[in-house]
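J.: fold the following and give me the result.
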Amino acid sequence: MFLVIDLGNTNKKLAIFSKGRLNAITILPEFNLKAIRLYVKKHPGITHCIISSVIAYPQSIKKYLQKQFFFIELDEHTPLPLANLYKTPGTLGKDRLAAAVAAHLRFRKKAVLVINAGSCITYDFVNKQGEYLGGSISPGIMMRFRALNTFTGKLPLISGKKRASLTGTTTRESILSGVINGALAEVEGITGQYLREYRKLKVILSGGDLKYFDKRLKIKTFAVPNIVIEGLFKILELNAGKNF
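T.: So this is what the prediction gives:
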C-alpha cells in the first residue's frame, strides 16, 4: 500500500492507495507525529510514502517516514514524467506540480490546463510535448471574501454559496455577486485565452471549491476532485518502479 500526504494551506490530507486505486482519504484536524503514527497503525501494510507540503512541518515526521517506508519528499529534484520548464522551480508550489503531473498522465500528447480552486485559484499548463510551462495564481473564493472584510471599514465577512444573482440588491448579495460571479468570469476568461492558442486543450477542474465552477462554465471541462493526491501517487508509483 502507498501512503500519500498532501499538506496544503487549509487542509492536511492523507490518502491510501492499494493496487493502483484510491482506498481512503482523510483530512487530519492536527498534523503531528502522534497523528501520523496512529494513522499508520490503522492502515497496516503501507510500504511506500510521499509527502508534499506548501507549509513547514516537523522534521520528526520526516525522519519517522524515512525510517518506516520507501519515502519521497516532493521537491524540485524529484524525477518526474514531464519536463519542468518553470524558471524558478524551487519556488513552485508542490501541489501545482503534482496536479500538472496527474493532468499530463491523463492526457498524454495533449495540451492540458489544470484549474485548482482552493485557498488560491491556480492555473497550470502542460503542452502536448509534456513540458510544464507554468501558469498563474489568483485569490480563492474565501480569500476574496476575507479581503473585502479585512481591507474595508464596513463590509461584513460572509460565507459563500454556489450561485449568486448578477445584480445584488443587498450588500450581502452584492458581495456574493462580485466574488462568485467575478471568479467564474476570471476562470472563463483565462481558460478562453488558452483555448484560443491551443484549440484541442483539455481542461481539468479540481480543488475544494470545485462546486463553484463545475457545470457552470461554458467550456468543456473534466472534474477531478483529488487531482493533487492523484499526481502525488503517480509520482511515488513511478519513482518506486522507475517506469518513466
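J.: mind checking how far the nearest residue to residue 9 once chain neighbours are set aside is from residue 93?
T.: Among residues not flanking residue 9 along the chain, residue 119 sits closest, at 4.3 Å (CB to CB, 6 or more residues apart in numbering). Using the backbone N, CA and C atoms, a C-beta is placed for each residue, glycine as well. Using CB to CB, to the nearest Å, we find residue 119 at a distance of 11 Å from residue 93.
J.: surely residue 154 forms part of a strand?
T.: No. Judged by DSSP: H, G, I helix; E, B strand; the rest coil, residue 154 forms no part of a strand; its state is coil.
J.: count of neighbours near it?
T.: 6 (other CB atoms under 10 Å).
J.: for the one 10 residues further on, same thing?
T.: Using other CB under 10 Å as the criterion, residue 164 is surrounded by 21 other residues.
J.: surely it and residue 173 touch.
T.: Yes. Taking contacts as CB atoms under 8 Å, residue 164 lies within contact range of residue 173: 7.0 Å.
J.: now for the two: what residues contact both?
T.: Counting by CB atoms under 8 Å, 6 or more residues apart in numbering, no residue touches both residue 164 and residue 173.
J.: the helices in the chain, which residues?
T.: For the chain, the helices defined by DSSP state H occupy 33-42, 59-68, 94-106, 141-150, 171-176, 182-197, 227-241.
J.: ok, and which of the ones you listed has the densest surroundings?
T.: Comparing these by mean neighbour count (mean count of other CB atoms under 10 Å), helix 94-106 ranks first with a mean of 26.
J.: now do that helix against helix 227-241: the angle between them, please.
T.: Angle of helix 94-106 versus helix 227-241, following axes from the mean of the first three to the mean of the last three CA atoms, to 10 degrees, is 70 degrees.
J.: the closest residue in space to residue 235 that isn't next to it in sequence and residue 59, how far apart?
T.: Using CB to CB, 6+ apart and skipping residues adjacent in sequence, the residue nearest residue 235 is residue 101, 5.8 Å away. Per CB to CB, residue 101 is found 26 Å from residue 59.
J.: can you give me the domain boundaries for the chain?
T.: 2-73, 83-231 (automatic domain parsing).
J.: chain center to the last one: distance?
T.: This means domain 83-231. 10 Å (CA atoms, centre = their mean, to the nearest Å).
J.: ditto for the first one
T.: On the basis of CA atoms, centre = their mean, domain 2-73 is displaced by 16 Å from the centre of the chain it belongs to.
J.: how about the closest residue to residue 69 other than its chain neighbours: which residues does it bridge to?
T.: Computed as CB to CB, 6+ apart, the closest residue to residue 69 that is not its neighbour in sequence is residue 49, at 4.3 Å. Beta bridges link residue 49 to residue 3, residue 71, judged by DSSP bridges.
J.: check what pLDDT the residue of the chain positioned farthest from its centre gets.
T.: Residue farthest from the centre of the chain, counting by CA atoms, centre = their mean, is residue 169 at 34.4 Å. pLDDT recorded at residue 169 is 94.
J.: tell me how far it lies from residue 159.
T.: Taken as CB to CB, the span from residue 169 to residue 159 is 19 Å.
J.: same deal with residue 67?
T.: For residue 67 relative to residue 159 (CB to CB), the value is 42 Å.
J.: and for residue 222?
T.: Distance from residue 222 to residue 159, by CB to CB: 28 Å.
J.: so between these two, which is more surrounded?
T.: Of the pair residue 222 and residue 159, residue 222 is the one with more neighbours under other CB under 10 Å, namely 16 against 8.
J.: which strand residues bridge the closest residue to that one other than its chain neighbours?
T.: Counting by CB to CB, 6+ apart, residue 222 lies nearest to residue 204, which is 5.0 Å off, once chain neighbours are set aside. On the basis of DSSP bridges, residue 204 is bridged to residue 114, residue 222.
J.: nothing else from me, thank you.
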